[in-house]
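*Asks:* Test case, fold it:
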Amino acid sequence: MMRCQRSLWHMQMRRRPSLSRRCVTASSSSTTPTLQRAILNAVLPPCHQLRCFMASSRPSEPIDANKKTSAKTEKRLSNIKDDGLTLSYFISKSTAGTVSSSEHTAHEQSGNINNDQCNTSSPIPMAANLGDEFDDDEQDYMVTEAMSPNAALDRLGHQMISSSCGDEITEEDDAEKELHTLRFHIKTYGCQMNVNDTDIVRSILLNHHTSRNTHSSMGSEGNNNENISTTAVTAASETIPLKFIEADDEIHADILLTNTCAIRENAEQKVWHRLRELRSHDRNFPLSSIGDDNKNTGVEFMNMTKEQRRQKQMKTKQERRKRIIGVLGCMAERLKEDMFQDGTADLVVGPDAYRDLPRLISVLSAPSTAPMDTSSKVTTPTIPTERAVNVQLSLDETYASITPIRSNPNDVSAFVSIMRGCNNMCSYCVVPFTRGRERSRDMESVVEETKRLLDEEGIKEVILLGQNVNSYHDTSGVGRRKQKGVGDDGSYQTSNAGFSNMFRLRQGEGHRFADLLDAVSALDPELRVRFTSPHPKDYPPALLTLMAERPNICNHLHMPAQSGSTTVLERMRRGYSREAYLELIDFVRSLIPDVAISSDFIAGFCGETEEEHQDTISLMEKVQFDQAFMFAYSMRGKTHAHRTMEDDVPADVKNRRLNEVIKTFRREVQRRNDEVEVGRLRLVLVEGESKRSIPENRMFSGRTDQNKRVVFPAGIFATEEEVLKHLKSSGSGFDIDGQSLHAMKTKVELSRGDYALVQVEDARGHTLKGTALWRSSIVGFEQVKSICGGLNSSTIPSQTLSKQLIL
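*Replies:* Below you'll find the model as predicted:
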């Protein structure tokens, strides 16, 4: 009901802002009935004005506090709708905190009057208790002609907003406020960093416990959010105690959050479409019609006709609750207040301000009266806040102290963010403007988080994340430490001499990415370690050597080329040439023969000619990438290209070139998989049943060391221990076949999180198909490869194995 009162009052106040101001400035010498009505028109909704002044035309009488209400009066008052908003409530029982007319005049003469206490813009409290407004005589809510203007304003202003006018707050009321719960729902667009940021936001909200303070501290790591902006008065807004829980679906959520991507125009259009859908969803299915608990699914409401729905909405108009629609992430940072256009969003928060989310939501959910002077218990009415934004970037925020809460704790893989931001300033990229400058977490916190995930959640694979992950540089701590990624003189090393670095401040002491990778991979030999997204310039020999030495560091490198033309790469400000990139590819494959390489490509960049486009096609044919992410160029605001170049490649040409790039990749990846993967023995981490698995034909899905998806039949398989025992006893390399595996006594069933040795039998596009041989491990697979020294280290002739391996 309190929400009903607040919604009704908000609606009426939006209709009459001028009257609200008129109330503050009224100063005529006598209080005529017209003035009385003008004053009350300013402070009460129209539905209560007549009720409060029904006796204003009668001669005034002295107010007798001991006078009993007549039976006739009680009967008439009992017929008035008891909705908690009549004026009697606000001035009843107010003798303790009332300033009389004579006292008020004395204060005026002495110059001690506080204008803020009487000149108020909106004195209606938002938490009127029902049933208390008719306790005193009807005359208690009269403004008589005998009153001076200041006394009239005092009665209608100072007395009504005095905290002594209402009932005392009971412990039960406090408990109810402490249990004020809001349900939130998050949808994520974009990269793995956004997925990890969503886990951080979930942790911040679920672990939030507010206090009854007027101003709430963020508690961030040096993130002083000085540019908090709202579109309403917020200087004195009281943050109300909140508790957050996550809703399974959007229809039951009070807060609808969208974590956004701004890397391309198409990504932003998807977000705009979603925001419009959410606002329409909120209008058509208000929370009052759905219900306050998840037991009410709202199916009945959704099945109504349009007319039935309209009638029901009219009946519940006073109970209507507006959902808070929030935009998070890169798009929020790029567009800032522009996200509020068309009323699609109420809350805009950048990627470095997530710690401030509870406070901003509390401001949006706060009542419109807030305490200003706790000593005098006087509240100042404020306009309710309808929009809130915090998009300040930070130089040191890494959320290292936040423990992310994953949406699916049963996943065998987990993300760990190790750094944020990017300093590369490529001419096409908006990331430096939406994510800020590079800053790295201290290495100890990354190792500790990974160890916690390993020990408490039983993950089998960790993916280290960063916008420029292999530029990691932890400068915390004192003294020079082990540095695998620097030269003998302590200087920072790029991949080879053909790579340059626009950012000149990468020198100095501290842990580099190779040091971190060394520490994380040493936690457990059975823990797979991946990382993304890197830059090709930051693959020094020390890092590649470590990857070749550690079996649990996956043989997969993401090396975004973006273009195969040196001239385009120069305009993109990538810091390398086509020749330098190919030299790096050759070095990587010589050091790690079984490596898989993925890349990014942009078609139709500013000024790209047909010859430059063909250079990209030829690069793809030469390298034969295992995976690729390909897009048509989309100009982004604030970037170097936006300021200095023209997006002069027509859209149809961009699309044609993009299609050619995609076709080239598909042709080359199929050719490479046929040559490299078919017949190969791969160690696969089982992630669960595949999407197309059915009870009659159960299929498992997992990923290889090279990050390729493999689908294979479920079943019961031999154990690695028996296989190794058989191989060691034979003494003749890989002397095993399907019959030998079938004869082994110990059999186990694979489950999520197990490693399986799978022989690849077919390759279709990005997906491989095969047959599992036995349950394995990273260490055990290395022993198998060591025993099979006479063969290619991980290749087994397919004819030696029978396909009838599943019992």
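*Asks:* State the three-state secondary structure for V271.
*Replies:* Recorded secondary structure, V271: helix (DSSP: H, G, I helix; E, B strand; the rest coil).
*Asks:* Which residue, neighbours along the chain excluded, lies closest to it?
*Replies:* Among residues not flanking V271 along the chain, T260 sits closest, at 4.8 Å (Cβ to Cβ, 6 or more residues apart in numbering). The way it works is simple: take the backbone N, C-alpha and C, and place the C-beta from them, glycine included.
*Asks:* Quick check: beta-bridge partners of the one you found?
*Replies:* Under the criterion DSSP bridges, T260 forms beta bridges with G329.
*Asks:* So which bits of stretch 460-476 are buried?
*Replies:* With burial defined by 16 or more other Cβ atoms under 10 Å, the residues of stretch 460-476 counted as buried are 460-474.
*Asks:* got the end-to-end distance for it?
*Replies:* 29 Å (Cα to Cα, to the nearest Å).
*Asks:* what do you get for stretch 521-539?
*Replies:* Distance between the two ends of stretch 521-539: 17 Å, counting by Cα to Cα.
*Asks:* Let me see the mean pLDDT of that stretch.
*Replies:* The average pLDDT within stretch 521-539 is 96.
*Asks:* Next, the buried residues of that stretch.
*Replies:* Quick answer for stretch 521-539 (16+ other Cβ under 10 Å): 521, 523-524, 527-539.
*Asks:* taking those one by one, which sit in helices?
*Replies:* Among the buried residues of stretch 521-539, the subset assigned to helices under DSSP state H consists of S521.
*Asks:* and the two most separated of the buried residues of stretch 521-539?
*Replies:* D524 and K537 (30.6 Å; Cβ to Cβ).
*Asks:* where does the stretch 651-800 of the chain dip in pLDDT?
*Replies:* 730-735, 737-739, 742-743, 745, 789-800 (pLDDT under 70).
*Asks:* Then the stretch 401-550 of the chain?
*Replies:* Using pLDDT under 70, the stretch 401-550 of the chain drops low at 477-491, 504-507.
*Asks:* Tell me which stretches of it form helices.
*Replies:* 431-435, 443-456, 513-521, 541-549 (DSSP state H, counting those that start in this stretch).
*Asks:* which other helices and strands contact the second one?
*Replies:* Contacts defined by 3 or more Cβ pairs under 8 Å, 6 or more residues apart in numbering; DSSP states H and E place helix 443-456 against strand 413-417, strand 461-465, helix 513-521.
*Asks:* give me the beta-bridge partners of K769?
*Replies:* Under DSSP bridges, the beta-bridge partners of K769 are V711, D762.
*Asks:* from what I can see it touches V758, true?
*Replies:* No. K769 is beyond contact range of V758, at 9.3 Å (criterion: Cβ atoms under 8 Å).
*Asks:* Now do the shared contacts for those two.
*Replies:* Common neighbours of K769 and V758, counting by Cβ atoms under 8 Å, 6 or more residues apart in numbering, are 710, 712.
*Asks:* picking up where we left off before, can I get the helices and strands packed on helix 443-456 in TSV with distance to Y428?
*Replies:* Below are the helices and strands packed on helix 443-456 laid out as TSV (distance: least, Cβ to Cβ, whole Å):
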stretch	distance to Y428
strand 413-417	24
strand 461-465	22
helix 513-521	24
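*Asks:* buried stuff in the biggest helix by length in the chain?
*Replies:* The longest helix of the chain (DSSP H) is helix 651-676. For helix 651-676, the neighbour count (16+ other Cβ under 10 Å) marks 653-654, 657-658, 660-661, 664-665, 668-669, 672-673, 676 as buried.
*Asks:* Who are the packing partners of it?
*Replies:* Secondary-structure packing of helix 651-676 (3+ Cβ pairs under 8 Å, 6+ apart): strand 596-603, helix 610-623, strand 627-632, strand 755-764.
*Asks:* Could I get the average pLDDT for the longest one?
*Replies:* Yep, that's helix 610-623 we're talking about. For helix 610-623, mean pLDDT is 98.
*Asks:* Show me what it is in contact with.
*Replies:* So helix 610-623 is contacted by 561, 563-568, 578, 581-582, 585, 597, 599, 601, 603, 628, 657, 660-661, 664-665, 668 (Cβ under 8 Å, 6+ apart).
*Asks:* Compare the helices and strands packed on helix 443-456 and give me the one nearest R452.
*Replies:* Using Cβ to Cβ, the helices and strands packed on helix 443-456 put strand 413-417 closest to R452, at 9.9 Å.
*Asks:* quick one: contacts of the closest one?
*Replies:* If you take Cβ under 8 Å, 6+ apart as the criterion, strand 413-417 is touched by 192-193, 195-197, 199-200, 398-399, 404, 406, 441, 446, 449-450, 453, 457, 459-466, 687.
*Asks:* Out of these, which end up buried?
*Replies:* Buried members of the contacts of strand 413-417, scored by 16+ other Cβ under 10 Å, are 193, 195-197, 199-200, 398-399, 404, 406, 441, 446, 449-450, 453, 459-466, 687.
*Asks:* that older thread, and K769 and V758? Which one has more around it.
*Replies:* V758 (26 against 17; other Cβ atoms under 10 Å).
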